[in-house]
Every structure is written in C-alpha cells, then in structure tokens.
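1. Here's my sequence, what's the structure:
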Amino acid sequence: MDDRSPRARRIPRWLLVFAAICAAISTGIALGVIGLGSDGSSRGSAPGASPSPPVQAADLPAGQEKHTDPRNEAIARLLERRATAVRTHDRAAYLATIDPAAKAFHDAQAAAFDNAAQIPFASWDYELVAADAFTLPEQRLATFAGATVFAAQVDLTYRIDGFDSAPVRSPQYLTFVLRDGAWLIAADTDGTDSGMRGAVQVWDLGPVAVLRGDSGIVLGVGDGTDLRSYQKDMDTAVPDVHKVWGGVWAGKAVVIVPANQEQMARLLGAEPQQYARIAAVTTGERGADVDAAAADRVIVNPDAFRELGAVERRVVMTHEITHVASRAFTRNWTPTWLSEGFADYVGYLNSGQTIRSAAPELRRDVREGRVPRTLPADEQFETTQEALPQAYEMGWLACRMIAERWGQEKLVEFYRAVGEAPPPGVGQPDQKSRLTSAFVSVLRISPADFTTQWAAYVQAQVK
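-> Modelled structure (predicted):
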C-alpha cells in the first residue's frame, strides 16, 4: 500500500516540534512570565550609579527580612502592592503602581490586566532579584527630566489554580522612577538594549479565553470558539501519557493557543519563520528540576495544527505532553534520541500508525543502502540538519525496540535511570557514563551490543 494512501497517512514529522529543538532555538523558554504588558520602549538604569549588590530572592518578600537599602525596601513594598492587586482583581490598585507619565506603558498594562481576567491564578508574587541590573542610555534618561531612576531585575512567580503544582518563575527587567517621594514603575522594556529582554505572555496578545478540561486547561487568545478541539486532544493525550509514564508528574497540562503563528513566535521570543512548519512546542529547559517541570506548557501553532488530521493532532499533543510528564527526568546529559524517541513512542502508541507509514524517510534510506550503524548524535536533531526526520525516526525505533524486547516498564525505567539526578555533592555526569550505567543496570546489555541489535532491528522493520 502506498504510504500516502488515506488509510496509511503518515504523520508529517516536520510538523512536530520537540522540547530539545525549542531549547536550542530559544534560550530558557520556561514560559517566562515577564509581567502584564509592554510599552514598546527600551530600558536601562542611570549610568554611573553606584551598583547595589544583587539582592537575594529569598530575602525579598516584604515583611520577612530587613533590607539594608531603604530603596530596595520601598521597591519591595511597591511590588507587594502590585501583586496583591492582581490577586484581588483590583485594577485601579494595579494601575496605581505605574508612572502616570508613561502613558503607553500604562495603557498596555491596563489592556493586559483585562486580558488576563479569566485566568484562575492561585498565586502571583514578585521578588526583587538584582538592583541596578542594567543601564539606561542617556537619551532614555533625559525623558525622566532629572527624576531619580532605578533599574532592576524582578522575578514574577505565579501558579494557575488547580494545574500548577509549582510556580512558574521568570525574570522581568523594570525601570522604576521616584515621583513625589514614591517609587513607580515606568517601563518593562528598557533592558532590551542590554540584552535583557522580557518575554511576551499570552495576555499581552489579546483577551484570553479559558477552557477547563478533565486533564488540564486551555488558554486561548480570542473568543475561544475553537478551543474545544484542543481540549479534546488534551483530554485524550494526558491519560495516554499517564498510562505509560505513571504517577510521578502532575497529571495535568496547560495548553496555550495563540491566535496565529506570529503570536506563537512572540511567545517564544523567536522569528515567525522558525515555526512555519511547527505544530506545537513544549516549554522548559533540559535539566529542569521537579518543581520547574511542574509548570511546563504546551504552546500550539494554530496555523500548522489546522493542517493535521484527527490522528495526527493526537500524536502531536501526546508527544508534547510526554515531554511535560518526563521533564523532571530529562537532563542536560539525556541524549536527544532518547528524549525525542520516547515522546514519539508514547505519541504513536495505539495510533494505528505502522513503521512503514511513520518512518518513510528512514525506510527510503535503508532501501537505498544507507543503513544506520550508530544511534543519532544530539547534533543530528538540530533544525538545520537535512536528515532531521531520520534522526527522529531512529530515536523512535530505538525506544520501540526497548519496549518490544524488554517491556514498556523497562523503557520507562531506563529513561528515568539515565535522567536520575546525581547524589548531593557529586558533579554532573557525562552522557556516555550515564548511558552505559543505565544500559547495564536496567537492560543488562552493553551500549555496543544494544546498538548492534538496534541497527539490525531498523533494517528489518523498515524494509
């Protein structure tokens, strides 16, 4: 049967995006919540000002610790008033923390506050992390007409009620100005020229519709008319992932649906063309600890997602939520063939897709005599690689072989063994040693023998 026939329609693998690719494209996209809105200006702090030592985040919540710098104490109180306003839905109090002279910033903050009104935040807090974090250009300083200005890194932490078991944490870079003895926030983009760019949030893009499902929550920009299909995909994917991975994750997902591909790119701090053929991404960083992993998000590219059929949508969503579930065990040393292959394994499980239909590029290579002899290196998963589809197909077949020959539970055990954190005081392991240890302790096979068996398996399966 032809691979393109309706019954054997293959998943367009170029539409699948995976967390490892995202980490390479966008540095640290742990869904950086940078505050409500942006004024479109650039940021900084007074040149020549005496830098204050970085403020420890643990010291910052107002009322918990004494601050040696009165300015920092005043800023912490301002931030607490701002956070309280968000938690209590007090729009006037929130806008009262903004410099009235910064009209564009004020208007953007007002719009974003309103856009986020339907999101059920369980917590919202700010921490002053670093005083004098960046420098304001002279031209920008002149706009303050001699007023005292202060630039700082502030971390915003928040949780979505019922879905985040740990807060999302993200830095923002704020400009504060002293007006009539009171500190106010004047901008959130003045650090851009210093390389300190805040991330765009979903509520910065327009009104956010909210749809709760059995297994998570969908946040969509716009009126929410098309969110139910995403909810259905999520409600199908989460139990499927849970059946394989088990109960060592939150068991719920947060799916974000921007209005279009351009908005998706803005959320990820990238150029729109980077995601032209990408259906979804999972935020987060390789090596995230358990707490950080508890706040991963799936961000959808609606333009690409609409091109997928029902089975393809399910595969994509299941793949991405597998990354959410396994994030705490996906370390810097986890080989990409394993992290992506495992997500593909869970995604394709029970999808009805055959190896012939789901690995066409690798099948073509093997039929033309290009039989792989080694597992794909991390570099082969870079988006610029011409043979990128084959790398994913090879990783998938490696995980599929483990599940077939050793059992699905052993595959999960192997993944966790590779990504298990080292004991306290022990340095980060190298990939080779951790892989060798997992192969021997879990699968009772050497890496070399496994690779030999895998190469034979690939050749036999894709013929």
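2. could you give the mean pLDDT of the helix or strand hosting residue 255?
-> Counting by DSSP states H and E, the element that carries residue 255 is strand 253-257. Here strand 253-257 scores 95 as its mean pLDDT.
3. go on, stretch 418-435?
-> For stretch 418-435, mean pLDDT rounds to 87.
4. again with stretch 280-288
-> 72.
5. Stretch 338-348 now?
-> Averaging the model's pLDDT scores along stretch 338-348 yields 97.
6. Go ahead and name everything in contact with that stretch.
-> Stretch 338-348 has contacts (CB atoms under 8 Å, 6 or more residues apart in numbering) with 11, 16, 18-20, 240-241, 244-245, 286, 315-316, 318-320, 322-323, 326, 330, 358, 381, 391-392, 394-400, 403, 411, 415, 418. Bear in mind the C-beta positions are built from the backbone N, C-alpha and C, glycine included.
7. Among these, which ones are in helices?
-> Among the contacts of stretch 338-348, the ones falling in helices (DSSP state H) are 19-20, 240-241, 244-245, 315-316, 318-320, 322-323, 326, 358, 391-392, 394-400, 403, 411, 415, 418.
8. mind listing the helices for the stretch 101-250 of the chain?
-> Under the criterion DSSP state H, counting those that start in this stretch, the stretch 101-250 of the chain contains helices at 103-115, 138-142, 227-245.
9. Throw those into JSON lines and include mean neighbour count, thanks.
-> Shown next, in JSON lines, are these (neighbours: other CB atoms under 10 Å):
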{"stretch": "helix 103-115", "mean neighbour count": "18"}
{"stretch": "helix 138-142", "mean neighbour count": "14"}
{"stretch": "helix 227-245", "mean neighbour count": "20"}
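10. Can I get the ones you listed in TSV including distance to residue 188?
-> Below are the helices of the stretch 101-250 of the chain laid out as TSV (distance: least, CB to CB, whole Å):
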stretch	distance to residue 188
helix 103-115	7
helix 138-142	13
helix 227-245	28
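11. Out of those helices, which is closest to residue 191?
-> Of all these, it is helix 138-142 that lies closest to residue 191, at 10.8 Å by CB to CB.
12. ok, residue 147 - contacts?
-> Residue 147 neighbours (CB under 8 Å, 6+ apart): 177-179.
13. and if we set it to 10 Å?
-> Neighbouring residues of residue 147 by CB atoms under 10 Å, 6 or more residues apart in numbering: 99, 101, 141, 177-180, 184, 186.
14. So what does it look like in phi/psi?
-> Taking degrees, to the nearest 10, you get phi -70, psi 150 for the backbone angles of residue 147.
15. Could you check how far it is from residue 183?
-> Residue 147 sits at a distance of 11 Å from residue 183 (criterion: CB to CB, to the nearest Å).
16. ok, which stretches of the stretch 351-463 of the chain are helices?
-> 355-358, 360-367, 388-405, 408-419, 431-438, 447-461.
17. will you turn these into JSON lines that also has distance to residue 281?
-> Formatted as JSON lines, those follow (distance: least, CB to CB, whole Å):
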{"stretch": "helix 355-358", "distance to residue 281": "21"}
{"stretch": "helix 360-367", "distance to residue 281": "22"}
{"stretch": "helix 388-405", "distance to residue 281": "15"}
{"stretch": "helix 408-419", "distance to residue 281": "20"}
{"stretch": "helix 431-438", "distance to residue 281": "23"}
{"stretch": "helix 447-461", "distance to residue 281": "28"}
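18. Tell me which of those lies nearest to residue 90.
-> Residue 90 lies closest to helix 408-419 among the helices of the stretch 351-463 of the chain, at 43.0 Å (CB to CB).
19. Tabulate the CA atom coordinates of the closest one in CSV.
-> Below are the C-alpha coordinates for helix 408-419, written out as CSV (Å, rounded to 0.1, in the frame of the first residue of the first chain):
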residue,chain,number,x,y,z
GLN,A,408,7.4,-0.9,28.3
GLU,A,409,8.1,-0.7,32.0
LYS,A,410,11.8,-1.2,31.4
LEU,A,411,11.7,1.5,28.8
VAL,A,412,10.4,4.0,31.4
GLU,A,413,12.8,2.7,34.0
PHE,A,414,15.7,3.1,31.5
TYR,A,415,14.6,6.7,30.8
ARG,A,416,14.5,7.6,34.5
ALA,A,417,17.8,5.9,35.2
VAL,A,418,19.5,8.0,32.5
GLY,A,419,18.0,11.2,33.9
